[in-house]
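1. give me a 3D structure for the following:
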Amino acid sequence: MRAEYREEPCRSALNRVEGMPFRWSLNPYMGCVHRCTFCYVRAFEQRADRPGDDRYGRSIRVKVNVAEVLAREVARPSWRREGVAIGAATDPYQPAEGRYRLTRRCLEVLAAARNPFSIVTRGPLIVRDTDVLRLASQRAEVDVNFSVPTLDTEIWRRTEPGTAPPPQRLRALRALVDAGIDAGVGMAPILPGLTDHPDRLAEVVRAARDAGATRLWCNVLHLQPGTREHFLERLARDWPALLPEYERLYARAYLDRRAAEPIRVHVAALRERMGIADRRPARLAPPPEPEQLPLPI
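-> Numbers count the residues shown, from 1 in each chain. All right, here's what the predicted structure looks like:
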């Protein structure tokens with residue numbers, strides 16, 4: 001699939017977020033060529049009267065001035081250096097970043113401002129920016145999260161058609177951890193009946209540990225209107241026997257807690273048993289704030 005890239009300036013870089021663990025997000029691009037069948041952004045696109053079906057990912061907005069706008073925003077006296085989530089609505093390391101380098105320039109801005117941030121990505125290209133991530137980590141809290149829902153080749157190809165193979169993501173994680181950067185794995189989303197089998201869950205947790213992941217977390221699939229229609233259409237094509245069960249499980253957007261909680265508990269037990277922990281050989285940490293520095297003797 002060929003994507004159209006639209007180079008357009010933006011008026012703001014930081015987006016205020018409600019109902020999430022973070023208050024601010026940053027997306028240098030809008031739209032994503034990864035075309036994951038379960039992507040929750042499809043639901044947002046539908047609500048904005050934009051296509052969330054197979055047309056999603058065919059048009060990518062490139063915010064050519066995003067780094068300059070971000071620099072102005074974090075320089076405001078009112079800005080309190082709150083954490084910024086990068087990649088909440090699109091992957092900041094999708095292939096376009098290789099040409100435009102907007103994510104890298106935004107990281108440079110945040111590093112210069114000593115502003116904490118987190119990144120979620122499926123893109124091994126992030127290794128290119130190890131130098132900036134190291135510098136930023138010495139100035140503020142930085143954490144990177146690689147999304148690795150499964151290592152099963154068939155499931156990956158059918159549900160994440162535009163992404164790099166999961167083993168490549170884990171190799172990128174190892175490179176960042178070896179450089180002292182806090183990098184973990186997000187098993188998200190876990191797909192009932194596909195990737196929630198105990199052996200498949202254990203395979204991912206074991207691979208994350210072997211790659212040096214500093215943490216591991218998981219989320220179970222949810223299907224908001226817009227995402228639901230597209231995902232179920234693809235499910236009917238690739239795993240038709242599962243369609244009736246999904247229609248039963250997802251009568252509402254979120255999986256019933258009685259079905260979701262055992263998956264989370266099992267992943268937590270695997271994480272504990274396999275010893276996922278921060279074992280970086282050299283940890284980068286920001287210095288204490290000026291007011292916390294010890295007084296000279």
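2. going by C-alpha atoms from here, please, whenever you check contacts or count neighbours.
-> Will do.
3. the helix or strand that contains Asp199: what's the following helix or strand?
-> Using DSSP states H and E, the element containing Asp199 is helix 198-210. Counting by DSSP H and E, the element after helix 198-210 in chain order, helix or strand, is strand 216-220.
4. which of the residues in the helix or strand following that next one are buried?
-> Next in sequence after strand 216-220, counting helices and strands by DSSP H and E, comes helix 227-238. Using 16 or more other Cα atoms under 10 Å as the test for burial, helix 227-238 gives Thr227, Arg228, Glu229, His230, Phe231, Leu232, Arg234, Leu235.
5. how far is helix 227-238 from where the chain is centred?
-> 22 Å (Cα atoms, centre = their mean, to the nearest Å).
6. mind listing residues that contact the helix or strand just after it?
-> Under the assignment DSSP H and E, the closest C-terminal helix or strand after helix 227-238 is helix 243-249. By Cα atoms under 8 Å, 6 or more residues apart in numbering, the residues outside helix 243-249 that reach it are Leu232, Leu235, Ala236, Leu255, Asp256.
7. try stretch 77-85
-> By Cα under 8 Å, 6+ apart, the list of residues contacting stretch 77-85 from outside reads 22-26, 73-74, 114-120.
8. for that stretch, what is the average pLDDT?
-> In this model, stretch 77-85 has an average pLDDT of 96.
9. what do you get for stretch 65-73?
-> In this model, stretch 65-73 has a mean pLDDT of 98.
10. and for it, what's in contact with it?
-> Stretch 65-73 has contacts (Cα under 8 Å, 6+ apart) with 9-14, 28, 79, 102, 105-106, 109-110.
11. just the buried residues of the residues you listed.
-> For the contacts of stretch 65-73, a burial check counting by 16+ other Cα under 10 Å picks out Cys10, Ala13, Leu14, Pro28, Leu102, Arg105, Cys106, Val109, Leu110.
12. reformat these as a markdown table; add pLDDT and distance to Thr195.
-> Below are the buried ones among the contacts of stretch 65-73 laid out as a markdown table (pLDDT from 0 to 100; distance: Cα to Cα, whole Å):
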| residue | pLDDT | distance to Thr195 |
| --- | --- | --- |
| Cys10 | 97 | 38 |
| Ala13 | 98 | 35 |
| Leu14 | 97 | 34 |
| Pro28 | 97 | 31 |
| Leu102 | 98 | 33 |
| Arg105 | 98 | 36 |
| Cys106 | 98 | 34 |
| Val109 | 98 | 38 |
| Leu110 | 98 | 36 |
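13. go through the residues you listed and flag which are in strands.
-> With DSSP state E as the criterion, strands contain Leu14 from among the buried ones among the contacts of stretch 65-73.
14. okay, the buried ones among the contacts of stretch 65-73 in TSV with distance to Leu249 next?
-> Formatted as TSV, these follow (distance: Cα to Cα, whole Å):
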residue	distance to Leu249
Cys10	40
Ala13	38
Leu14	36
Pro28	35
Leu102	40
Arg105	43
Cys106	40
Val109	44
Leu110	42
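15. closest to Leu125 among the buried ones among the contacts of stretch 65-73?
-> Relative to Leu125, the closest of those is Leu102; by Cα to Cα it sits at 12.7 Å.
16. contact partners for that closest one?
-> By Cα under 8 Å, 6+ apart, Leu102 lies in contact with Pro28, Lys63, Val64, Val66, Ala67.
17. and if you look at Tyr40?
-> With contact set as Cα under 8 Å, 6+ apart, Tyr40 has these partners: His222, Leu223, Gln224, Thr227.
18. again, but for Ala175
-> Residues near Ala175 by Cα under 8 Å, 6+ apart: Val127.
19. list the buried residues in stretch 194-210.
-> For stretch 194-210, by 16+ other Cα under 10 Å, it's Thr195, Asp196, Arg200, Leu201, Ala202, Val204, Val205, Arg206, Ala207, Ala208, Arg209.
20. no, scratch that, I was asking about stretch 141-160
-> 141-151, 155-156, 159-160.
21. pull up the distance across that stretch, start to finish.
-> 30 Å (Cα to Cα, to the nearest Å).
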